[in-house]
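Chemist: no FASTA, just this:
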């Protein structure tokens, strides 16, 4: 068995978004690669024909390409990227009035754009706590760029917003774009300059005072603007009543969608206390301006509004903020409802399904029906939803051994493209005729379009995956075990890494993973348990953990490990903890409430003290919905606080955190670390400065795996130097 070298991470390619052309002949997609010299992730845009006739063609070489969207005729492709300013906008004779101010004016124009809009824009969508990409910085802001594939050549820059562009959509005729962009007032601009350029104090009255990946929030309002593509020199027109708002506005965006009836749908929160709720309503506005009409009832978190082609109705994906375990459902919205929000104007089409729309799943209309991915029995798969509420599971040919990670359909309804993640074969694009989505077996139209990790997979063996089941507290549970293809899991007492999913409202299924391969190539089995509190098995299953962290999942994970030991697959003395976000939180409970389970654990980016997390993280609305307020219900908070049981910690802990993680603040990891060290338990704290609720830089991703592997080996009784 050869070990996968961790530096091979630089050879990894991760597929992202997909967009099928209107006629279905091509698909654009994004893929993230890693630049070892610059130590950065590079997201590029590719196009590949859906008939599989040639390899993907790289369209961009600049980092940051996202949100690809085809024009209605299929000859133009727009996307968002933070690229250097277009040469056309930098060269040539300048206005004499501008020149009269000398070099100072020229520099200001280079930094702030020449759109003529005095205080306009959108912050970097990816966000940065230090204000990277803000006015005054050297980094470019995300703008809309446009390829004319009929003419060829490089993309041209379409927008030049001071604060950048967060999202956009094409008009049905293809002559205009609706863009989402923050638009600060003069006073707000002065404040942003003070904070970003001068390191001035943060001043806020917002309840949602910070967001993970964004940093400290501000008062700047995002609006929709209309960009005239036939008149590139004209300024975008702001739609004054099409503005965003809400606690997670900087993360969710406004989701603009331009319908065939001429109106633009978008989401916003305009309740009295928008930062004190996750409610988002759907609005519709004319591209000529005027009042926006509210189409939903002010009681759901609506997202991705999608107009039905040729009609005045739309669908959204929405959840109930007051009922955390309830599934996210597909809602049909009457486009002329005008905010009534009753059962006749806003109705769930999947209320009887008792399955949540998969995270990131967006509905696609085809011939009056809706295709959308759902979480179903630890499996992401497609369903077809009719407007009468009937639901049918489709594309059984996908099987249960690979995950649906992306999906889109051509505007003419002929061709679908999906990203399928296979543990052995990688995560790649596949095309299939929409008419064949009912196939039980792979149809002739099913074509693999990419093999983005072919060289990596050819050189190093990727793990095989096996679904397993066990019993816990009257429930039959399931999970996935990964192992090196040269190892037979039943053949001996292997070391086991228990990799716990985040959420907790999520689930695990067989997927392609570099981290899994790094572990299995070193002899570990990797066990990913689907514990109660996760999704994919209905509301009752999810509700088992709601407001009761540290209970059902502890029992379920411990029972899953015991079942593998009983099978003779693993050595119970060589079991190691692994997990990020709620996977870290769960390890906090396991080492305090099942102290003999792990030989060592590596909780990452977790929360271990719910009371001190409230208000220092960015999820006060979620905590309140699940636990109430800490000063009103302190017992519930304390019952779900692992740090109060820290006296029972005996497990060696590698505690890891992001220095700018506002989802699970680093102070939480510090508390767990100090509690362990205070008692003489072997522990180490690793904090990655500037990282959010993820690990973005490739060198840090590699360092993270090195630390975890070293920690396990150090505390492996069967390894050289083990305890």
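Modeler: It's in. Just so it is clear, the structure is predicted and the values come from calculations on it, not from any experiment.
Chemist: for residue 463, give its distance to residue 528.
Modeler: For residue 463, the distance to residue 528 equals 11 Å [CB to CB, to the nearest Å]. C-beta coordinates here come from the backbone N, C-alpha and C atoms, glycine included.
Chemist: show me the contacts for residue 5.
Modeler: Residues touching residue 5, when contacts are defined by CB atoms under 8 Å, 6 or more residues apart in numbering, are absent altogether.
Chemist: what's it sitting at in phi/psi?
Modeler: Reported as degrees, to the nearest 10, the phi and psi values for residue 5 are phi -60, psi 140.
Chemist: where's the nearest residue to residue 217 once chain neighbours are set aside relative to residue 580, distance?
Modeler: Using CB to CB, 6 or more residues apart in numbering and skipping residues adjacent in sequence, the residue nearest residue 217 is residue 206, 5.4 Å away. Plainly put, residue 206 is 28 Å away from residue 580 if you go by CB to CB.
Chemist: the more surrounded of those two?
Modeler: Set side by side, residue 206 and residue 580 give different neighbour counts by other CB atoms under 10 Å, the larger being at residue 580 (24 against 13).
Chemist: show me what the more buried one is bridged to.
Modeler: Note on residue 580: beta-bridge partners by DSSP bridges are residue 604.
Chemist: just the pLDDT at it, thanks.
Modeler: Looking at residue 580, its pLDDT reads 96.
Chemist: what touches both of residue 463 and residue 528?
Modeler: A shared contact of residue 463 and residue 528, defined by CB under 8 Å, 6+ apart, is any residue touching both; here these are residue 482.
Chemist: low-confidence ranges in the chain?
Modeler: Applying pLDDT under 70 to the chain picks out residues 1, 62-63, 86-138, 337-343, 720-723.
Chemist: list the contacts of the longest helix seen in it.
Modeler: Selection of the longest helix in the chain by residue count, based on DSSP state H, yields helix 698-714. Residues from elsewhere that reach helix 698-714 (CB under 8 Å, 6+ apart): 6-7, 9-10, 34-36, 39-41, 495, 497, 515, 518-519, 522, 524, 576, 578, 599-600, 602, 604, 652, 654, 656, 684, 686, 688, 691, 695, 719, 721-723.
Chemist: again, only this time at 7 Å
Modeler: For helix 698-714, contacts defined as CB atoms under 7 Å, 6 or more residues apart in numbering pick out 6-7, 9-10, 34, 39, 41, 515, 518, 522, 576, 578, 600, 602, 654, 656, 686, 688, 691, 695, 719, 721-722.
Chemist: just the buried members of the residues you listed?
Modeler: Of all the contacts of helix 698-714 considered here, the ones buried according to neighbour count by 16 or more other CB atoms under 10 Å are 6, 9-10, 34, 41, 515, 518, 522, 576, 578, 600, 602, 654, 656, 686, 688, 691, 695.
Chemist: inside strands: which ones of those residues?
Modeler: Using DSSP state E, the subset of the buried ones among the contacts of helix 698-714 located in strands is 34, 41, 576, 578, 600, 602, 654, 656, 686, 688.
Chemist: assess the claim that the last one and residue 695 are in contact.
Modeler: So the one you mean is residue 688. Yes - at 6.3 Å, residue 688 counts as touching residue 695 under the criterion of CB atoms under 7 Å.
Chemist: and residue 623, its phi and psi?
Modeler: Torsion angles at residue 623 (phi, psi; degrees, to the nearest 10) stand at phi -60, psi -40.
Chemist: what is the end-to-end distance of stretch 496-515?
Modeler: Start-to-end span of stretch 496-515 (CA to CA, to the nearest Å) is 14 Å.
Chemist: now do the longest helix of the chain: distance to the chain's middle.
Modeler: On the basis of CA atoms, centre = their mean, to the nearest Å, the separation between the geometric centre of helix 698-714 and that of its chain is 24 Å.
Chemist: and stretch 664-674, by the same measure?
Modeler: Taking CA atoms, centre = their mean, one finds the center of stretch 664-674 at 24 Å from the center of the full chain.
Chemist: same check, this time on stretch 257-277
Modeler: Once both centres are worked out by CA atoms, centre = their mean, stretch 257-277 turns out to sit 21 Å from its chain's centre.
Chemist: which positions in that stretch come out as buried?
Modeler: Taking 16+ other CB under 10 Å as the basis for neighbour counts, the residues of stretch 257-277 that come out buried are 257-259, 263-271, 274-277.
Chemist: quick one: contacts for the nearest residue to residue 170 once chain neighbours are set aside?
Modeler: Taking CB to CB, 6+ apart as the measure, residue 170 lies nearest to residue 71, with 5.6 Å between them; neighbours along the chain are not counted. For residue 71, the contacting residues are 78, 170, 174, by CB under 7 Å, 6+ apart.
Chemist: now, which of those residues sits nearest residue 456?
Modeler: The shortest separation between residue 456 and any of these is 31.2 Å, and it belongs to residue 78 (by CB to CB).
Chemist: if we can go back for a sec, quick check, the residue nearest to residue 217 in a helix?
Modeler: No - counting by DSSP: H, G, I helix; E, B strand; the rest coil, residue 206 is located in no helix; its state is coil.
Chemist: which ones are touching it?
Modeler: Applying CB under 7 Å, 6+ apart, the residues near residue 206 are 217, 219, 275.
Chemist: look up how far residue 540 lies from the second one.
Modeler: Same thing as residue 219. Per CB to CB, residue 219 is found 42 Å from residue 540.
Chemist: neighbour count winner among the two?
Modeler: Summary of the neighbour comparison: residue 219 and residue 540, criterion other CB under 10 Å, with residue 219 having more neighbours (13 against 10).
Chemist: neighbours of residue 306, just the number please.
Modeler: Other residues near residue 306 number 21, with proximity taken as other CB under 10 Å.
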